[in-house]
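Chemist: Okay, here's the prediction I keep looking at, along with the sequence it came from:
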Amino acid sequence: MTVTDLDLFPNGGWDVHHHIFDPSKFAYAPDRHLTPPPATIAQFLEFKKRVGITNSVLTHGLSYGADCTSLKSFVAELSNKKESSTKAIGVIDPATVTGDELREMHDAGIRGIRVNLYKYKAFHDVELQKTALREHAAVLNRYCPGWSMAFTHPHCEFWAELKPFLEEVLVSGGVKLVTDHFALLKGASMLPPECEGDVSRQTGFREIIELVKAGRLYVKVSAPYRVSTLAGGYEDLKLLVRAFFNANPRQVLWGSDWPHTPHMKVRTHEEAIRETPYLKVDDLAWLRSLRSWLSDEEWNLLMVENPRDLYDW
């Protein structure tokens, strides 16, 4: 199927993962893991118009730490654009956040949180990841029923151990779990040799697909450059996208990851405070590929119904 830009969003479209960075208005956290260049509201609106999306979910940049002052300000400014809806995903410190603060966040349009594994030094440690997830989920269950909780990490081999933990400790309590960026499952271009080009043979694939199929995990097909080297259309991601949709088409979301921060890693303090440029991505080429792999009904679920059900309430 040949897709033109005019075909992309006949019913509108949600970008459920983008950032705003404006250090001239809001200073970054001193213990940040990354220093991004400015990516302002005005620049995002240009991107939004060029791509054709109508609604968005602003994801709090970890460079701002757990202080959501900037997020609430950005959402308020974006929400003044009457022709669209803007919701947000925040970052909290579960040890100090109060119910009043969370109610204020909800009133500001925030509908979920993301877990900052850097703060827990949990990037490469599954037990510390469980601690981080458990503590954040406890806050949501107490104060924010209906909010989602997003997380991502680079170790797909952890999913075999995380799956029963997520099912028993988190999902059973009502938390809506979201994982970013294809759950960092790899397209064929980034698979290790032992997978022989078969995406289903990579570690973690079975557990993630089972969670999606059971309706216990949402997956964002976002930031394709983190899981594929085929820049442009990322054609090797078709099999992953189809696997998610075949498992459960109501559990898949799309996010741009604009302005396209570099790959996740643990940085030294010197690396973290040095400004790091964004990646260059052809967002329209990626969207055209993605659209060509899906039916009209699947596309509408991905771009309209699924994000609206999860965030727009």
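Modeler: Alright, I've got the coordinates.
Chemist: any weak-confidence spans in the stretch 101-250 of the chain?
Modeler: The stretch 101-250 of the chain contains no residues with pLDDT under 70.
Chemist: need the helices for it, in chain order.
Modeler: Secondary structure of the stretch 101-250 of the chain (DSSP state H, counting those that start in this stretch): helices located at 126-143, 159-165, 205-213, 238-247.
Chemist: how distant is the shortest one from the center of its chain?
Modeler: Translated: helix 159-165. Helix 159-165 sits 20 Å away from the centroid of its parent chain (CA atoms, centre = their mean, to the nearest Å).
Chemist: Restrict it to CA atoms and write it as PDB.
Modeler: Output in PDB follows, covering the C-alpha atoms of helix 159-165 (Å, rounded to 0.1, in the frame of the first residue of the first chain):
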ATOM      1  CA  TRP A 159      11.300  -9.900  31.200                       C
ATOM      2  CA  ALA A 160      11.200 -13.600  32.200                       C
ATOM      3  CA  GLU A 161      11.700 -12.500  35.800                       C
ATOM      4  CA  LEU A 162       9.600  -9.300  35.500                       C
ATOM      5  CA  LYS A 163       6.500 -10.900  34.000                       C
ATOM      6  CA  PRO A 164       5.300 -12.800  37.100                       C
ATOM      7  CA  PHE A 165       6.200  -9.900  39.300                       C
END
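Chemist: Could I get the buried residue list for it?
Modeler: Neighbour counts using 16 or more other CB atoms under 10 Å place 159, 162-163, 165 of helix 159-165 among the buried residues. Yep, even glycine has a C-beta here, placed from its N, CA and C like the rest.
Chemist: and which of the residues you listed is nearest residue 237?
Modeler: residue 159 (18.5 Å; CB to CB).
Chemist: Isn't that closest one up against residue 210?
Modeler: No: the pair residue 159 / residue 210 is not scored as a contact, 9.6 Å apart, by CB atoms under 8 Å.
Chemist: didn't residue 133 look like it was pressed against residue 150?
Modeler: No: shown here, residue 133 and residue 150 do not form a contact pair, counting by CB under 8 Å, at 10.7 Å.
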